[in-house]
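Student: quick one: sequence and predicted model below, then my questions.
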Amino acid sequence: MKVLVVGGTGPTGPHVVRGLLERGDEVAIFHRGTHEPPGLPDVEHIHGDPHFRASIENAVGARDFDVVVAMYGRLKHLAPALAGRCGQFVAIGGVPVYQGFFPSPSQSQLPVPVTEDHPAVQDATGGAALAFSRRLADAEAAVFAHHPRATVLRFPMLFGPNNARPAEWSVVKRVRDGRPFMILPDGGGQIHTRCAAANAAAFVLAVLDAPEVAAGQVYNAGEATSWSLRDWATTIARLMGADLELVGLPREIAVEATTTLLPLAGTTATHVVVSTEKARRELDYTPAVDPLDALAELVAWYAESPAFDPAASPSFTDRFDYPTEDALLGEYRAAVERLAAAVDQRAAPPIHSMPHPQRPGEVDHRGR
């Protein structure tokens, strides 16, 4: 088959391209040409900007494809520009399309886990965040309007080399710098579904392998098990052989940690856990890699990339302002001591929940 992959140079694209080549497909990737990571499979490159209708049409010309996998750019332009010119259209959307991803009184709450039946955002009057979600919903609508048998995959946070937002770098760099601790907002209990890039690609390939089943459908993508932020940081530190103290501070105080470590500056629901049961049931999706192994490979990639420059990832915002972190933790611990001394409290004793009578027919010393 002739396959056009729009994007193809980020963390997931190379895995998709390799999977297609292993199937014997003829693959071309359409991207801006500004990002050419090493190790990219040897396929045709079509350069243009997939964010603009005129650029899409100029770059692709009159070519037809059996399959288009739209992983990058603007779906609202890609969908009409490629209408009638491909047999199967697979679009990559995102979990922020769901109502409640950005908490708002006008939206229903995000359930845990969230399935594909949960409604997408329709009312975008609550500010920029909801407007962003509505644009995702409109993009999906455009896909199905121009390609009724299309498939939409909703991606969560991804991890892997060449990621636009290398969230793990916040942990990796602190370990490299010998930091004794790392501040986590509210203790890092927030749970967000993540997905290894290789497994995100496996979702795409599962759709391509079941075109009739996947036609007209929406599927969540993600790992079956979700890490909390604390688990995520702990696992990375352990893989690096480091003893990093993870210090929980209230998010109202840990402003920088909240806005740099949590997705979209901490504006999302506390827990964003997606169900992938539909893809596993209907598409027979199976992971390409164990997520822990994928994270270990990512940590090894950082070890082999000592010159990694986060400046190449404008979405990454951690400043690594260690003096401010030291001062904040010092003030917080001093305040905790002052508060504990200022209020007289009595600690409740530990009590076993079951009765412990001393003789048959009697109650114990607590009347149980």
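Tutor: Cool, the structure landed.
Student: count the neighbours of Glu26 for me.
Tutor: Neighbour count of Glu26, defined by other C-beta atoms under 10 Å: 14. From N, CA and C alone the C-beta is placed, and that goes for glycine too.
Student: my error: substitute Gly10 in the last question.
Tutor: With other C-beta under 10 Å as criterion, Gly10 counts 20.
Student: do Leu329 as well
Tutor: Per other C-beta under 10 Å, the neighbour tally for Leu329 reads 17.
Student: nearest residue to Asp138 in space, please, no chain neighbours.
Tutor: What sits nearest to Asp138 in space, not counting adjacent residues and going by C-beta to C-beta, 6 or more residues apart in numbering, is Lys76, at 6.5 Å.
Student: ditto for Thr260
Tutor: Per C-beta to C-beta, 6+ apart, closest to Thr260 is Asp318, 4.3 Å.
Student: which parts of the stretch 201-350 of the chain are helices?
Tutor: Using DSSP state H, counting those that start in this stretch, the helices of the stretch 201-350 of the chain run over 211-214, 229-239, 255-261, 277-282, 291-303, 322-342.
Student: ok, the stretch 1-150 of the chain next?
Tutor: Applying DSSP H, counting those that start in this stretch to the stretch 1-150 of the chain gives helices spanning 13-22, 53-60, 75-81, 128-146.
Student: give the other helices and strands that the first one contacts.
Tutor: Taking 3 or more C-beta pairs under 8 Å, 6 or more residues apart in numbering; DSSP states H and E as contact, the helices and strands that helix 13-22 lies on are strand 2-6, strand 26-31, helix 197-209.
Student: now those as CSV including mean pLDDT and distance to Phe52?
Tutor: Formatted as CSV, the helices and strands packed on helix 13-22 follow (pLDDT from 0 to 100; distance: least, C-beta to C-beta, whole Å):
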stretch, mean pLDDT, distance to Phe52
strand 2-6, 98, 13
strand 26-31, 96, 13
helix 197-209, 98, 24
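Student: mind putting those into TSV with distance to Leu329?
Tutor: Shown next, in TSV, are the helices and strands packed on helix 13-22 (distance: least, C-beta to C-beta, whole Å):
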stretch	distance to Leu329
strand 2-6	45
strand 26-31	43
helix 197-209	34
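Student: and the ones you listed: which comes nearest Ala124?
Tutor: Of all the helices and strands packed on helix 13-22, strand 2-6 sits nearest to Ala124, with 25.4 Å by C-beta to C-beta.
Student: got the buried residues for that closest one?
Tutor: Val3, Leu4, Val5, Val6 (16 or more other C-beta atoms under 10 Å).
Student: turn those into TSV, including distance to Val213.
Tutor: Formatted as TSV, the buried residues of strand 2-6 follow (distance: C-beta to C-beta, whole Å):
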residue	distance to Val213
Val3	19
Leu4	22
Val5	21
Val6	23
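Student: so which of those residues is the closest to Ser313?
Tutor: Val6 (20.7 Å).
Student: might one say that the closest one is in contact with Phe65?
Tutor: No - under the criterion of C-beta atoms under 8 Å, Val6 makes no contact with Phe65, lying 10.5 Å away.
Student: the spatially most central residue of the chain bridge partners, please.
Tutor: Nearest to the mean C-alpha position of the chain, by C-alpha atoms, centre = their mean, lies Met157 at 0.6 Å. In this entry, Met157 is beta-bridged to Arg194, by DSSP bridges.
Student: start the count at 11 instead of 1 going forward.
Tutor: Got it, the first residue is 11 from now on, which makes the last one we talked about Met167.
Student: who touches it in this structure?
Tutor: Arg175, Ala177, His202, Thr203, Arg204, Cys205, Pro273 (C-beta atoms under 8 Å, 6 or more residues apart in numbering).
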